[in-house]
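with the input below, show me the fold.
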Amino acid sequence: WNDPSGGTTTFLYSSAEHFYGGWTTHVLSILGNGAAAVNLFFAISGFVLLQSLTRGPDSNWVNAARFVVARVFRIYPAVLVTIGTFILIFYATGASICSPAAYEPVKLLRNALLLDTEIVGVMWTLRVEMLAIPLFILGFFLLRRFGNIGLVILLATLLALATWRVWTGLVDPTLGLALLLFFAVGMLVFGVGKKPWSWIPSGLAAALLIVAIAVMLSVPLLPDFGARPYHIETVCDAYIVGLLAFAGSSSTRSSGSTAGSPTAFI
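Model (predicted):
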């Protein structure tokens, strides 16, 4: 099993392959598919944050400015506190999960600004969240100007770009722009609203949710039908977000295209 540091850990030994492998590889690939879970989180973020934008002031530009400021103050304080804690631990004990060179002043500043994520590797997701800010503003304007067709075009464009190395190589591949398409998935679900989902009773919704999650986690093991993994994941994520937000919702709950209820996720 590949751990976060890049090393290989043997959980279960396969005598046939003289190493970890075989059926255990498939099982742990599904249970440990953290990448798919993160992509689903981005899709949920796309739904929630576009909803936040549409519920702001009537002025599009004022709304966009308020959104940018809110995102900066939402993300960077947590980043600074976390990195500060790691700095205190490093200078007090010498303990570190990265090279000590990462604590040089210039590199500390780059990590604090999320230009690098060497000190706390899992912060790459926060960097993607910051990269997505212009995407949210673009999606907001497209929804206001063209309706859902604008969000469809945005998602289709990002799906195409996700396979283009020039686009994905603009930043570090681990933090790549390819993952921005999952925000667009959630944005589109919000734009479409509850109509495709509200008729589904809660029992059936729970079963469909389990199936969608299982398929999403199993994407690396699915036969190659000519569809890239991202295409399959986007369908699964859209279905999961729609079920979580709208399945079994009452007729009094607003549609996503106007002002969906954030409590639908609870």
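
tell me how far the ends of stretch 108-123 are from each other?
14 Å (C-alpha to C-alpha, to the nearest Å).

buried set for stretch 192-208?
Across stretch 192-208, burial judged by 16 or more other C-beta atoms under 10 Å covers Val192, Gly193, Lys194, Trp197, Ser198, Ile200, Ala205, Leu208. Heads up, the C-betas are built off the backbone N, CA and C, glycines and all.

farthest pair in those?
Between any two of those, the greatest separation by C-beta to C-beta is 18.0 Å, found for Gly193 and Leu208.

how many residues are close by Ile30?
By the criterion of other C-beta atoms under 10 Å, Ile30 has 16 neighbours.

before we move on, what about Ile213?
Neighbour number of Ile213 under other C-beta under 10 Å is 18.

report pLDDT for the closest residue to it other than its chain neighbours.
Spatial nearest neighbour of Ile213, chain neighbours left out: Ile240 (6.4 Å); criterion: C-beta to C-beta, 6 or more residues apart in numbering. At Ile240, the pLDDT value in this model is 95.

which secondary structure elements does the helix or strand harbouring Ile240 contact?
Per DSSP states H and E, Ile240 falls inside helix 229-246. Packing partners of helix 229-246 (3 or more C-beta pairs under 8 Å, 6 or more residues apart in numbering; DSSP states H and E): helix 34-54, helix 148-161, helix 180-192, helix 202-218.

right, and the residue nearest to Ile213 touches Leu209 too?
Yes. Ile240 lies in contact with Leu209 (C-beta atoms under 8 Å); the separation is 6.3 Å.

comparing those two, which residue is more hemmed in?
Neighbour tally, Ile240 and Leu209, criterion other C-beta under 10 Å: the higher count belongs to Ile240, 23 against 17.

so how far is Leu113 from the residue nearest the centre of the chain?
Geometric centre of the chain, nearest residue: Phe42, 2.1 Å, by C-alpha atoms, centre = their mean. Distance of Phe42 to Leu113, given as C-beta to C-beta, to the nearest Å: 21 Å.

got it, and Phe67?
With C-beta to C-beta as the criterion, Phe67 and Leu113 are 20 Å apart.

so those two - more neighbours on which side?
Taking neighbours as other C-beta under 10 Å, Phe67 and Leu113 compare with Phe67 leading, 19 against 13.

contacting residues for the more buried one?
With contacts defined as C-beta atoms under 8 Å, 6 or more residues apart in numbering, Phe67 is in contact with Leu49, Ser52, Leu53, Gly56, Ile133, Phe136, Ile137, Phe140.
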